[in-house]
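J.: Pasting the sequence and the predicted coordinates here, then a few questions.
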Amino acid sequence: RGSEELTGRGAGGPRVELLEDETWTRKRRQAERVMRSALRIARKYEAKGSEQKALEAKDQRLHLELVVAARDRADKLREEDTKEAKVAAVREKLDRELQASEDVVA
């Protein structure tokens, strides 16, 4: 009987091995489920991270576009101010010349 227990052929020997195999299989399957679940969660976080990076890149592009637009607008306003100042200077000069010629005539 001692030799039967050592070889696993005695009463209940193969059944014990079968139970151990089933337990191991259940544990392995459970571990696989947990790993797949963790992998799904990790992929979701990775996708969210990618979305966040894409949004940040879009924000940076928009910011750059706004800065360029603001600079362009400021340049345009400076040009308009310069033109207005020149027109005002010419108008004042013409007014002075007109006044001087009217004074001469009068």
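T.: Arrived safely, thanks for sending.
J.: pLDDT-wise, which helix or strand of this structure ranks last?
T.: Taking mean pLDDT, DSSP states H and E as the measure, the chain has helix 2-7 as its least confident helix or strand, at a mean of 43.
J.: and after that helix, which helix or strand comes next?
T.: helix 13-105 (DSSP states H and E).
J.: Can you spell out which helices and strands pack onto that following helix?
T.: Taking 3 or more CB pairs under 8 Å, 6 or more residues apart in numbering; DSSP states H and E as contact, the helices and strands that helix 13-105 lies on are helix 2-7. Where you see a C-beta, it was placed from the backbone N, CA and C, and this is true even at glycine.
J.: So for stretch 58-73, mean pLDDT?
T.: Here stretch 58-73 scores 97 as its mean pLDDT.
J.: Make residue 1 into 10 and carry on from there
T.: New numbering, starting at 10: the last item is stretch 67-82.
J.: what's next to it, contact-wise?
T.: For stretch 67-82, there are no surrounding residues in contact (CB atoms under 8 Å, 6 or more residues apart in numbering).
J.: Any idea how far it is from the middle of the chain?
T.: 17 Å (CA atoms, centre = their mean, to the nearest Å).
J.: Alpha carbons of that stretch, as PDB, please.
T.: The C-alpha coordinates for stretch 67-82 follow below in PDB (Å, rounded to 0.1, in the frame of the first residue of the first chain):
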ATOM      1  CA  LYS A  67      -4.100  71.000 -30.900                       C
ATOM      2  CA  ASP A  68      -4.100  73.700 -28.200                       C
ATOM      3  CA  GLN A  69      -0.500  74.600 -28.900                       C
ATOM      4  CA  ARG A  70      -1.300  74.900 -32.700                       C
ATOM      5  CA  LEU A  71      -4.300  77.100 -31.900                       C
ATOM      6  CA  HIS A  72      -2.300  79.200 -29.500                       C
ATOM      7  CA  LEU A  73       0.400  79.700 -32.200                       C
ATOM      8  CA  GLU A  74      -2.200  80.600 -34.700                       C
ATOM      9  CA  LEU A  75      -3.700  83.200 -32.300                       C
ATOM     10  CA  VAL A  76      -0.300  84.700 -31.600                       C
ATOM     11  CA  VAL A  77       0.500  85.000 -35.300                       C
ATOM     12  CA  ALA A  78      -3.000  86.500 -35.900                       C
ATOM     13  CA  ALA A  79      -2.500  89.000 -33.100                       C
ATOM     14  CA  ARG A  80       1.000  90.000 -34.400                       C
ATOM     15  CA  ASP A  81      -0.400  90.400 -37.900                       C
ATOM     16  CA  ARG A  82      -3.200  92.600 -36.600                       C
END
